[in-house]
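Chemist: Model the structure of this input:
(2 chains)
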Amino acid sequence: GAGVSQSPSNKVTEKGKDVELRCDPISGHTALYWYRQRLGQGLEFLIYFQGNSAPDKSGLPSDRFSAERTGESVSTLTIQRTQQEDSAVYLCASSFTSGGAVRADTQYFGPGTRLTVL
Amino acid sequence: AQKVTQAQTEISVVEKEDVTLDCVYETRDTTYYLFWYKQPPSGELVFLIRRNSFDEQNEISGRYSWNFQKSTSSFNFTITASQVVDSAVYFCALSVRSGGYQKVTFGTGTKLQVIP
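Modeler: All right, here's what the predicted structure looks like:
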């Protein structure tokens, strides 16, 4: 089936503007993760969704960042009043949890959204 | 707390050489997963392998092999007869169950350049 998709692939915005990034997880995957990857660096966890449970927002860097997900479908990551330090690639990943299934709990990543804040 | 260390920031090898990427992890959990992901220049992270903490059996897949040693908390990745297409950033990751979900900690990555 289709993998994780993200849109837009690239976003250039001006400082102070709001942006919305979208993630379509793999069908049937109950868990969805957002990460940030600054240029030349590793992955920084932002937020996690599992089914209809309350999300784990412990990685969000400031209150300008928020995310929503309805059920086990699409998620949107919103950054308000963008700053230049928000420039990064935002990666989304999804996984399913199913006991000892071979591929359970393995995160599959989307292609990312490259955000540039001028 | 979990930690993953990839001490090699960048490695350059000549095509057909073998190369080993090191990964050392720290966790107090007895049950965990270890992963390797490849991030080619296109940017998309590609899953390579998942290893359960209870399974120390080494694995070989084509030119790729993985050496998991709990005694040294290492999960090293070897590419045999490297090719230019292997050029990418490789991430090692550790996953433990925390608060009902798999919390994943990534290393900082090793950039591999294979020179033709």
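
Chemist: Give me the residue ranges of chain A where confidence is low.
Modeler: A:1, A:98-104 (pLDDT under 70).

Chemist: Quick one: residues contacting the spatially most central residue of it.
Modeler: Nearest to the mean C-alpha position of chain A, counting by CA atoms, centre = their mean, stands A:Trp34 at 2.7 Å. By CB atoms under 8 Å, 6 or more residues apart in numbering or on different chains, the residues touching A:Trp34 are A:23, A:46-48, A:67, A:75, A:77, A:90-92. In this view, the C-beta of every residue, glycine as well, is placed from N, C-alpha and C.

Chemist: switch to 6 Å and redo it
Modeler: Counting by CB atoms under 6 Å, 6 or more residues apart in numbering or on different chains, A:Trp34 makes contact with A:46-47, A:77, A:92.

Chemist: Between those, which sits nearest chain B?
Modeler: Taking CB to the nearest CB as the measure, chain B lies nearest A:Cys92 of the contacts of A:Trp34, at 10.5 Å.

Chemist: distance of that closest one from B:Gln39?
Modeler: A:Cys92 sits 15 Å away from B:Gln39, taking CB to CB, to the nearest Å as the criterion.

Chemist: One more: A:Ala2?
Modeler: In terms of CB to CB, A:Ala2 sits 20 Å off from B:Gln39.

Chemist: Compare the two (neighbour count), which wins?
Modeler: Set side by side, A:Ala2 and B:Gln39 show more neighbours around B:Gln39, with 21 against 8, by other CB atoms under 10 Å in any protein chain shown.

Chemist: Where does pLDDT dip in chain B?
Modeler: By pLDDT under 70, the low-scoring segments of chain B are B:99-100.

Chemist: Let me see the ranges of the strands in it.
Modeler: In chain order, chain B shows strands spanning B:3-5, B:10-14, B:19-21, B:24-26, B:33-39, B:46-52, B:59-61, B:64-69, B:74-79, B:88-98, B:101-106, B:110-115, with DSSP state E as the criterion.

Chemist: Export these as a markdown table, with columns for distance to chain A.
Modeler: Formatted as a markdown table, the strands of chain B follow (distance: least, CB to the nearest CB, whole Å):
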| stretch | distance to chain A |
| --- | --- |
| strand B:3-5 | 9 |
| strand B:10-14 | 10 |
| strand B:19-21 | 14 |
| strand B:24-26 | 14 |
| strand B:33-39 | 6 |
| strand B:46-52 | 5 |
| strand B:59-61 | 13 |
| strand B:64-69 | 15 |
| strand B:74-79 | 15 |
| strand B:88-98 | 7 |
| strand B:101-106 | 4 |
| strand B:110-115 | 8 |
